[in-house]
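Engineer: Structure for this input, please:
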Amino acid sequence: MPQTDTATVSVALSDAAIKRHAADPTVKQLRDTRRPVVFRYHAARASGSWYVVTYHKGKPNPYSKIANWPALSASDFMEALPKILQKLAIDPAAAVALDGWQTVGELLSWYLERNTRDRNKSTKRKDAIRSVIKCHLRPRLAGERLTDMSQSRLDEKLIWPLQEDYSLAYVRQVFGVLMGALKQASKLKLISVNPLADLSFPDFIEARIEAKPGAIRPSQVRDVLAHLISLKTEWPASVALAVMMLAHGTRIGETRLAKWKNINLEEGEWFIPATDAKTRKELIVPLTDQLCTFLRLYRDQQKATNYDGAFLFPARNGQSITPKQADDLFKPLGAGEWTSHDLRKVARTCWADLGVEHQVGEFLLNHQLPGISATYIHTTLKKQKRAALECWHAWLDARGFAQLTGFHAETEARQAETAQGLDALNRKACSAA
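Structural biologist: Numbering: from 1, shown residues only. Next up is the predicted model:
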């Protein structure tokens, strides 16, 4: 829109000049005396927009809006101006808009603060993102200009140096945090262009990332159970946490948050709310006779120590134990040779060896199951989950689990019976599919 002469003031543009003329409502815009730049005030006078003036064959082109002030300061705008003018000289219609954030560091600061306040992420996930930003992304990329980011630049500054010292799986995790920040900022229109939008990790490293093998093999389960039995009296909470994870293949995060109100020993069910699950999907875990017996004994032990609170694994403040406290509980158990996640891995391996149908195992692990209806899950699959865990616990009983849980029965007969029941349910599911 054309401006009258009285509404335009020629000045050496700076933040101070913008603030000084903001008090005069008759001044609509400021024209720089040294460069082809115009600053226009917004209606509220507390902000405005930067424009570049170019000409073609002696006639002015439409003004090109570059960015808003004060999101982009006068000094930052003037620093970026030469590249903008060069771009417009080559192509007058080129996209030259800049964002309020000029560096990757500014983007990361915003994303870190947003991550801290995200109620949809677990504490463990928030800590992981914070660690990646603090230890890797900020030290290597904070000073990089967003407009200069490219595949070659990212490879030089981040990916290739990291792969020299860390596993490819971890380098991919670092890459994922950066891409998540850029994607979120782009979706919210906080940056006009995502400079890395079309990139994926194989664009940098094509080597296949192999899953880390479990530290516990099925043949070693007997020794693990014997070790847990030896520590049952000295470390009851640690052993109970391990028993729950080994018995059900649950994650440490959802297990440490277990509440007694969600344990139904009469019906033999453990309810895991969506808020406690990594996938944000609720799960009902069948409790076998072995686990019901074990949990009754464990509850009695808690009451004997004058604890009658809400959690299976309480901290001193009355809440559930933290992720770090849960990890600490495993230190006397694994002794550096295996972790809590290895219990989940060996359970999944043994389920496959015992003939548990793949989708049943995936559902017990609370993985996504696309294409399976809720009706199927809550009828046939519900029965299969229980049959699978009964077969699994009978297999464990033959290797010392009964001594650990306090449940004694005819192990071999029960194992044969549950295996036959599992085969029948698997055949029924296959015929219905």
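Engineer: Please verify my assumption that residue 68 contacts residue 50.
Structural biologist: Yes: Residue 68 lies in contact with residue 50 (Cβ atoms under 8 Å); the separation is 7.4 Å. Heads up, the C-betas are built off the backbone N, CA and C, glycines and all.
Engineer: more crowded one of those two?
Structural biologist: Here residue 68 and residue 50 are set side by side on neighbour count (other Cβ atoms under 10 Å), and the busier one is residue 50, at 27 against 16.
Engineer: what's the helix or strand for that one?
Structural biologist: Using DSSP states H and E, the element containing residue 50 is strand 48-52.
Engineer: could you say what helices and strands that strand packs with?
Structural biologist: Judged by 3 or more Cβ pairs under 8 Å, 6 or more residues apart in numbering; DSSP states H and E, the packing partners of strand 48-52 are strand 37-41, strand 64-69, helix 74-90.
Engineer: now the spatially closest residue to residue 12 that is not a sequence neighbour: how far from residue 330?
Structural biologist: Closest residue in space to residue 12, ignoring its immediate chain neighbours: residue 33 at 5.5 Å, by Cβ to Cβ, 6 or more residues apart in numbering. According to Cβ to Cβ, to the nearest Å, residue 33 and residue 330 sit 69 Å apart.
Engineer: So those two - more neighbours on which side?
Structural biologist: residue 330 (21 against 10).
Engineer: Run a quick check on that one versus residue 242, I expect a contact.
Structural biologist: Yes: using Cβ under 8 Å, residue 330 is in contact with residue 242, at 7.1 Å.
Engineer: hey, what's in contact with both of these two?
Structural biologist: With contacts defined as Cβ atoms under 8 Å, 6 or more residues apart in numbering, the residues shared by residue 330 and residue 242 are residue 340.
Engineer: pLDDT score assigned to the residue lying closest to residue 84 once chain neighbours are set aside?
Structural biologist: Leaving aside its sequence neighbours, residue 84 sits nearest to residue 96 (Cβ to Cβ, 6+ apart; 4.9 Å). The model reports residue 96 with a pLDDT of 71.
Engineer: what does stretch 162-173 rub up against?
Structural biologist: Against stretch 162-173 from outside (Cβ under 8 Å, 6+ apart): 128, 132, 136, 159, 174, 201, 205, 207, 209, 212.
Engineer: run the last query once more with 10 Å
Structural biologist: 128-129, 132, 136, 140, 155, 158-161, 174-175, 200-202, 204-205, 207-212 (Cβ atoms under 10 Å, 6 or more residues apart in numbering).
Engineer: What of stretch 330-341?
Structural biologist: With Cβ under 10 Å, 6+ apart as the criterion, stretch 330-341 contacts 212, 214-216, 220, 224, 227-228, 231, 234-235, 238-239, 241-242, 245-246, 250-253, 255-256, 326-327, 329, 342-343, 345-346.
Engineer: Repeat that for stretch 52-66.
Structural biologist: Taking Cβ under 10 Å, 6+ apart as the rule, stretch 52-66 contacts 1, 31-32, 35-38, 40, 49-51, 72, 77, 80-81, 84-85, 87-89, 92-99.
Engineer: Buried subset of the residues you listed, written for ChimeraX?
Structural biologist: Selection of buried members from these for ChimeraX, criterion 16 or more other Cβ atoms under 10 Å:
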select :31,32,35,36,37,38,40,49,50,51,72,77,80,81,84,85,88,96,98,99
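Engineer: residues touching residue 104, list them.
Structural biologist: 137-138, 140-146, 148-149, 154, 157-158, 178, 181-182, 195.
Engineer: I'd like the distance between it and residue 173.
Structural biologist: From residue 104 over to residue 173 (counting by Cβ to Cβ), the distance is 17 Å.
Engineer: ditto for residue 10
Structural biologist: 53 Å.
Engineer: go on, residue 221?
Structural biologist: Counting by Cβ to Cβ, the separation of residue 221 from residue 173 is 30 Å.
Engineer: and these two? which has more neighbours close in?
Structural biologist: Legend: neighbour count by other Cβ under 10 Å for residue 221 and residue 173, higher for residue 221 (21 against 16).
Engineer: With adjacent residues omitted, what lies nearest to that one?
Structural biologist: residue 399 (5.6 Å).
Engineer: shouldn't the one you found be in contact with residue 222?
Structural biologist: Yes: counting by Cβ atoms under 10 Å, residue 399 does reach residue 222; the two are 4.2 Å apart.
Engineer: So those two - more neighbours on which side?
Structural biologist: Shown here are residue 399 and residue 222; by other Cβ under 10 Å, residue 399 has more neighbours (18 against 14).
Engineer: Ramachandran angles for that one?
Structural biologist: phi -120, psi 20 (degrees, to the nearest 10).
Engineer: That one: what's it in contact with?
Structural biologist: Taking Cβ under 10 Å, 6+ apart, one finds 218, 219, 221, 222, 223, 224, 225, 226, 411 in contact with residue 399.
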